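1. Coordinates for the following, if possible.
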Amino acid sequence: MISVNRNMPARYRGILACCLIAILAVPGVLNAEDQKEAKLSFAITEGELLNYQTSWAMEYYYMGMDIVQNQSYDVEMKLTKVTEDGNYLVSLAFTGASSSMVVDDDIQDWSPPMQLEGESIMVEVKSNGGVLNAKPGGNIPGMHSTDELKSIAEIWFIELPDTVKRVGDSWRKNIEEGGGETEDGEKREPNAKGFADLTFKKIEKRKGIPVAVIEVESKLEINQAMPGGILRGKGEGSGRYYIAIEGGYIVEGKSEFELKGKVVSDDGKETDTAITRYYETKLKK
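-> Numbering: from 1, shown residues only. As a prediction, this is how the structure comes out:
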């Protein structure tokens, strides 16, 4: 940061001050790194086409087997319209997909239950980046409910405070997913419950785009149905996201989540399990 030396003769201080005013008046001269605050909101603009390359991998130990599943997508994101409520209707078009699975070092034929390649999802997103709902753009093979689509769509968005934040600020997002009530009106345990702490670390440029660097630390308790029984466990995760200051979309993101727990079968048998999930997404342009 340039500063004016107060021991400098007055006539030179005046010249330097005028030069600084002229420099700061020129768009783009102020470095992104010199900014200390930004409004963190989702506001993708019409005509903007974002091409993402996204991958995730899940490693887990289950029923005595070491299993690794890999999935990758090429996705095009664009704004369809802004609703009267100020939400954003965004199209996610899956232009490419690939998958693989390795069981005890042996490569297996595997593809995810839902086939998204060549399909699209229409997603309604709030100005804080939270996903309200997701609907299929057509008949998607293997889809059972729109809740599945919402979980997938959330990969390309991160919830933001929707207000001005300064570098160094932190905030907490409480998480509670699933659950609801039984047919008898009894409350079910949520599938996931916990929190994520987010910290605005700095502002820099990524792929030539001014971004807010946000680090995330999360803790969750999991109580979710899966093949073989109910998974119960606790997990911790961490991640780093580069969020475009103008637009609030992800430029790059990477996270890791580790879970340890037990799978409880219908007959009460408990099996230890450990799961690690890796995620990465970035703009291709």
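2. distance between whichever helix or strand Tyr241 is part of and the chain's centre?
-> Per DSSP states H and E, Tyr241 falls inside strand 229-244. Mean C-alpha position of strand 229-244 versus that of the full chain (C-alpha atoms, centre = their mean, to the nearest Å) differs by 11 Å.
3. and the angle from the helix or strand that it is followed by to strand 229-244?
-> For strand 229-244, the following helix or strand on the C-terminal side (DSSP H and E) is strand 250-264. If you take axes from the mean of the first three to the mean of the last three C-alpha atoms, to 10 degrees, strand 250-264 sits at 170 degrees to strand 229-244.
4. so after strand 250-264, what's the next helix or strand?
-> Moving toward the C-terminus from strand 250-264, the next helix or strand (DSSP H and E) is strand 270-283.
5. Contacts for that next one next, please.
-> 50-63, 155-156, 207, 228-229, 231, 233, 235, 239, 250-265 (C-beta atoms under 8 Å, 6 or more residues apart in numbering). C-beta coordinates here come from the backbone N, C-alpha and C atoms, glycine included.
6. Enumerate the positions of that strand that are buried.
-> Thr271, Thr273, Ile275, Thr276, Arg277, Tyr279, Glu280, Thr281, Lys282, Leu283 (16 or more other C-beta atoms under 10 Å).
7. Show the pLDDT at the first one.
-> Just to be clear, that refers to Thr271. Looking at Thr271, its pLDDT stands at 89.
8. And it, how close does it get to Val263?
-> Thr271 sits at a distance of 5 Å from Val263 (criterion: C-beta to C-beta, to the nearest Å).
9. again, but for the fifth one
-> Separation of Arg277 from Val263 (C-beta to C-beta): 16 Å.
10. One more: the second one?
-> Thr273 sits at a distance of 5 Å from Val263 (criterion: C-beta to C-beta).
11. can you dump the C-alpha coordinates of stretch 153-171 into PDB?
-> Taking Å, rounded to 0.1, in the frame of the first residue of the first chain, the C-alpha atoms of stretch 153-171 are listed here in PDB:
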ATOM      1  CA  ALA A 153     -27.300 -29.300  -7.700                       C
ATOM      2  CA  GLU A 154     -26.000 -28.000  -4.400                       C
ATOM      3  CA  ILE A 155     -22.500 -29.100  -5.400                       C
ATOM      4  CA  TRP A 156     -22.200 -26.000  -7.700                       C
ATOM      5  CA  PHE A 157     -23.300 -23.500  -5.100                       C
ATOM      6  CA  ILE A 158     -22.200 -22.200  -1.700                       C
ATOM      7  CA  GLU A 159     -24.400 -20.300   0.800                       C
ATOM      8  CA  LEU A 160     -23.200 -16.800   1.300                       C
ATOM      9  CA  PRO A 161     -24.100 -14.200   4.000                       C
ATOM     10  CA  ASP A 162     -25.800 -11.900   1.300                       C
ATOM     11  CA  THR A 163     -24.300  -8.800   2.900                       C
ATOM     12  CA  VAL A 164     -21.000  -6.900   3.100                       C
ATOM     13  CA  LYS A 165     -18.200  -8.800   4.900                       C
ATOM     14  CA  ARG A 166     -14.700  -7.700   5.700                       C
ATOM     15  CA  VAL A 167     -11.600  -9.900   5.400                       C
ATOM     16  CA  GLY A 168     -11.300 -11.800   8.600                       C
ATOM     17  CA  ASP A 169     -15.000 -12.100   9.300                       C
ATOM     18  CA  SER A 170     -16.500 -15.500  10.200                       C
ATOM     19  CA  TRP A 171     -20.000 -16.800  10.300                       C
END
